[in-house]
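In: Take this sequence and fold it.
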Amino acid sequence: MTTYKNKGLIPVLFGFFVMGFCDIVGISSDYAREAFGWSNTMAGFIPSMVFVWFLFLGIPVGVLMNRWGRKNTVLLSMAITVVGMAIPLIHYNSISTMAAYALLGIGNAILQVSLNPLLNNVVDDKKLLTSSLTAGQVVKAISSLAGPQLVLWSVQFFGDGDNQLWYYSFPLLGAITLISGIWLMAVPIPRESTADSGSGRKAVADTFALLKDKKIALLFAGIFFVVGVDVATNFISSKLMINRFGWDTADAIIAPQIYFFSRTVGALLGAYLMTKVREELYFKLNIVAAAGALLVLASAESVTVNLMAIGAVGFLASCIFPIIYSTAVQTRPEKANLISGLMITAVAGGGAVTPLIGAATDSVGIGGGIGVILACVLYLTFCAFAVTTKKL
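Out: Model prediction:
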């Protein structure tokens, strides 16, 4: 059994690379907007098609996973992703493209619910489990960083530089997902023992009942808005460079890359700093600084300052999600599993904020879009000062 567990760790960690594919929505929405003549408002619904599924699937999948098993649930998510990424090659238009994004989101929602718990099946030592979870997030961050480059490379290699063929990146992502699924399928992983979580309806009802706790409700909204900030900054970064400085889509790809690189560095550095600094203080300092970075971004006229401000938001907001998540779990440790499913549901915030940004950008310009992100950060600032973190 030990041999199986050691063999299973690497393919499980590789699954986090697939998890990062949802972050292509930022740069790919620029190509889709150009290809179909969409407005910024319409392009803003692309992240919605990806992230809205967390709202509907997070808790039910968590309940059904007890019946299906974690590995089978991960494999299901990858199968759905592969099908979605094949659709544009079979028939390409605006409707099929949205369908592909929707299946990418459905697969990603199921993957996020099931992949983290699957690490428990391949790692026994608690200390190693923590480092493995961190390694998984680093792999996901690398995927997010590489995603825009994969889209650009697909246009150059498969489409001979024709931006209208940007969707060729989809089958590339599908092929990587297929390899990940086959690798995971081929490796024996011991199935977890199934805990009795009650009937599906009761488990779902018990989960939503947690929102009656004001602190849980506050933190749930915090997850909603911090994911909104993450997806929205990725979404708007390239559009900002196109609107303000007349860059073409290929050049603007550097903006989301800077964002994801800064987010990766911030996560790694934050993991260390939070062993030296209290989590609630780190939350307060970073979120206030992030608000300042957005104010700079709203009025900056220099290319360098704009890119630095985008990177600053990624760096400063990188650890907010795990701080809020861990605070919520520590609030009611006896309900940790239910709280975990509830917080994953709040990831739907990534799809709720971007249509507002698109509409604001069309109405009042790119500054309006930045204003929407700032409003999310202001809520998180309130959350940081309203919630007291208790280390257990």
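In: from here on, contacts and neighbour counts on C-alpha atoms
Out: Will do.
In: What about residue 339, how many residues nearby?
Out: 26 (other CA atoms under 10 Å).
In: How about residue 387?
Out: Look at residue 387: counted by other CA under 10 Å, it has 16 neighbours.
In: looking just at contacts, which helices and strands does the helix or strand residue 281 falls within meet?
Out: Assessed by DSSP states H and E, residue 281 sits inside helix 279-299. Under the contact definition 3 or more CA pairs under 8 Å, 6 or more residues apart in numbering; DSSP states H and E, helix 279-299 sits against helix 303-317, helix 320-331, helix 366-386.
In: which residues are contacting it?
Out: 274, 305-306, 309-310, 312-313, 316-317, 319-320, 323, 367, 370-371, 373-374, 377-378, 380-381, 384-385, 388-389 (CA atoms under 8 Å, 6 or more residues apart in numbering).
In: Give me the buried subset of the residues you listed.
Out: The neighbour-count test (16 or more other CA atoms under 10 Å) marks 274, 306, 309-310, 312-313, 316-317, 319-320, 323, 367, 370-371, 373-374, 377-378, 380-381, 384, 389 as buried among the contacts of helix 279-299.
In: list the contacts for residue 48?
Out: By CA under 8 Å, 6+ apart, the residues touching residue 48 are 350, 351, 352, 354, 355.
In: Wait, the third one touches residue 229, no?
Out: No - using CA atoms under 8 Å, residue 352 is not in contact with residue 229; the gap is 10.5 Å.
In: Do I have it right that residue 86 meets residue 169?
Out: No - at 10.2 Å, residue 86 does not count as touching residue 169 under the criterion of CA under 8 Å.
In: thinking again about what came up before, buried stuff in the helix holding residue 281?
Out: 279-280, 282-284, 286-298.
In: can I get the CA coordinates of it in PDB?
Out: What follows is helix 279-299, C-alpha atoms only, in PDB (Å, rounded to 0.1, in the frame of the first residue of the first chain):
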ATOM      1  CA  GLU A 279      -2.600  35.900  10.300                       C
ATOM      2  CA  GLU A 280      -5.100  38.700  11.100                       C
ATOM      3  CA  LEU A 281      -2.400  41.300  11.100                       C
ATOM      4  CA  TYR A 282      -1.000  40.000   7.700                       C
ATOM      5  CA  PHE A 283      -4.600  40.200   6.300                       C
ATOM      6  CA  LYS A 284      -5.100  43.800   7.500                       C
ATOM      7  CA  LEU A 285      -1.700  45.000   6.200                       C
ATOM      8  CA  ASN A 286      -2.000  43.400   2.800                       C
ATOM      9  CA  ILE A 287      -5.600  44.300   2.100                       C
ATOM     10  CA  VAL A 288      -5.100  47.900   2.900                       C
ATOM     11  CA  ALA A 289      -2.000  48.000   0.700                       C
ATOM     12  CA  ALA A 290      -4.000  46.300  -2.100                       C
ATOM     13  CA  ALA A 291      -6.600  49.100  -1.900                       C
ATOM     14  CA  GLY A 292      -3.800  51.600  -2.300                       C
ATOM     15  CA  ALA A 293      -2.400  49.700  -5.300                       C
ATOM     16  CA  LEU A 294      -5.800  49.900  -7.000                       C
ATOM     17  CA  LEU A 295      -6.100  53.600  -6.300                       C
ATOM     18  CA  VAL A 296      -2.700  54.000  -8.100                       C
ATOM     19  CA  LEU A 297      -3.900  51.800 -10.900                       C
ATOM     20  CA  ALA A 298      -7.000  53.900 -11.400                       C
ATOM     21  CA  SER A 299      -5.000  57.000 -12.200                       C
END
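In: Could you list the low-pLDDT ranges of the stretch 201-350 of the chain?
Out: 336-337 (pLDDT under 70).
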